[in-house]
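K.L.:
model this:
(one chain, ligands or ions: 1)
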Amino acid sequence: MKMELDPRPAPEPDRLSIAPMASADISAVMRIERASFSTVWPSDAFFNELSTNKLAHYFVGRIGDRIVAYGGIWVILEDSHVTTLAVDPACRGRHFGEVMLLRLVDEALERGAAWMTLEVRESNTVAQQLYRKYGFTTVTMRRGYYSDDNESALVMWAGNLKSELYRNRLGVLRARCNR
Ligand SMILES: CC(C)(COP(=O)(O)OP(=O)(O)OC[C@H]1O[C@@H](n2cnc3c(N)ncnc32)[C@H](O)[C@@H]1OP(=O)(O)O)[C@@H](O)C(=O)NCCC(=O)NCCS
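P.N.:
Okay, here's the model as predicted:
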């Protein structure tokens, strides 16, 4: 008897594989960028970050061959700054944003940072919730920070990343992510 071909597509693997962003990844990154932000970085901005900014560290996350997430930080001695983080809208809610943020925190720690900061739109409660989960608190607000619609930014900080308390928190969150 001939074997029936299984008509169901193979289930998509659920583990994000993270690698440093390369210039060949920028077009896939731009597709997510355009779907995620009202003010879009031009592809040149990513290219310049990868090619000329020694303080910048960018990553992409893949499911199989497909780029579904990216993120970046600058690390300047003990300070680090999340410059961007986004997940393909079709893949949100699967902890890919969290796994990417964990990668950024790990990168900051590996490079000696103790503090991490970022700006987030006042209305972006989803991202704020993610950042709070990772110990970020709002330290100030920049009024009218976003030029497209004049929305204010919350400035959030986390640290001391090197403290035992923070490392323990990271350990618990990492274990939950890896389940
Ligand atoms: C913010 C973003 C990166 C989150 O990525 P994601 O993969 O969808 O989120 P995750 O599945 O990793 O969720 C991690 C945490 O984020 C928060 N979160 C995610 N989706 C949420 C939702 N719909 N409502 C509230 N909180 C949410 C929760 O704290 C969640 O943890 P939990 O599952 O334990 O509750 C994603 O929504 C995105 O790309 N948004 C557009 C771009 C953007 O806003 N980037 C941030 C700029 S500062």
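K.L.:
The ligand contacts on this protein?
P.N.:
36, 85-87, 92-98, 120, 124, 126-127, 129-130, 133 (Cβ under 6 Å from any ligand atom). Bear in mind the C-beta positions are built from the backbone N, C-alpha and C, glycine included.
K.L.:
Now intersect those residues with the helices, please.
P.N.:
Secondary structure defined by DSSP state H assigns Ser36, Phe96, Gly97, Glu98, Val126, Ala127, Gln129, Leu130, Lys133 of the residues of the chain next to the ligand to helices.
K.L.:
Does Arg103 touch Gly71 like I think?
P.N.:
Yes - assessed by Cβ atoms under 8 Å, Arg103 is found in contact with Gly71 at 6.9 Å.
K.L.:
if I look at those two, which residues touch both of them?
P.N.:
Taking Cβ atoms under 8 Å, 6 or more residues apart in numbering as the contact rule, Arg103 and Gly71 both touch Phe59, Gly61.
K.L.:
Not counting sequence-adjacent ones, nearest residue to the closest residue to the ligand within the chain?
P.N.:
In the chain, no residue comes nearer to the ligand than Gly97, which is 2.1 Å away by Cβ to the nearest ligand atom. Computed as Cβ to Cβ, 6 or more residues apart in numbering, the closest residue to Gly97 that is not its neighbour in sequence is Val87, at 4.7 Å.
K.L.:
Can you report how many residues neighbour that neighbour?
P.N.:
24 (other Cβ atoms under 10 Å).
K.L.:
check contacts around it.
P.N.:
Contacts of Val87 by Cβ under 8 Å, 6+ apart are Ile32, Ser36, Gly61, Val68, Ala69, Phe96, Gly97, Met100.
K.L.:
which residues does it bridge with?
P.N.:
Ala69 (DSSP bridges).
K.L.:
if we can go back for a sec, can I get the contacts of Val87 in CSV with neighbour count, distance to Trp115 and pLDDT?
P.N.:
Shown next, in CSV, are the contacts of Val87 (neighbours: other Cβ atoms under 10 Å; distance: Cβ to Cβ, whole Å; pLDDT from 0 to 100):
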residue, neighbour count, distance to Trp115, pLDDT
Ile32, 20, 27, 98
Ser36, 16, 26, 98
Gly61, 24, 24, 98
Val68, 23, 29, 98
Ala69, 27, 24, 98
Phe96, 22, 25, 97
Gly97, 21, 21, 98
Met100, 24, 19, 98
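K.L.:
Most widely separated two among these?
P.N.:
Farthest-apart pair in the contacts of Val87 is Ser36 and Gly61; separation 13.7 Å (Cβ to Cβ).
K.L.:
Do I have it right that Gly135 meets Val172?
P.N.:
No - with contact defined as Cβ under 8 Å, Gly135 does not reach Val172; the gap is 11.4 Å.
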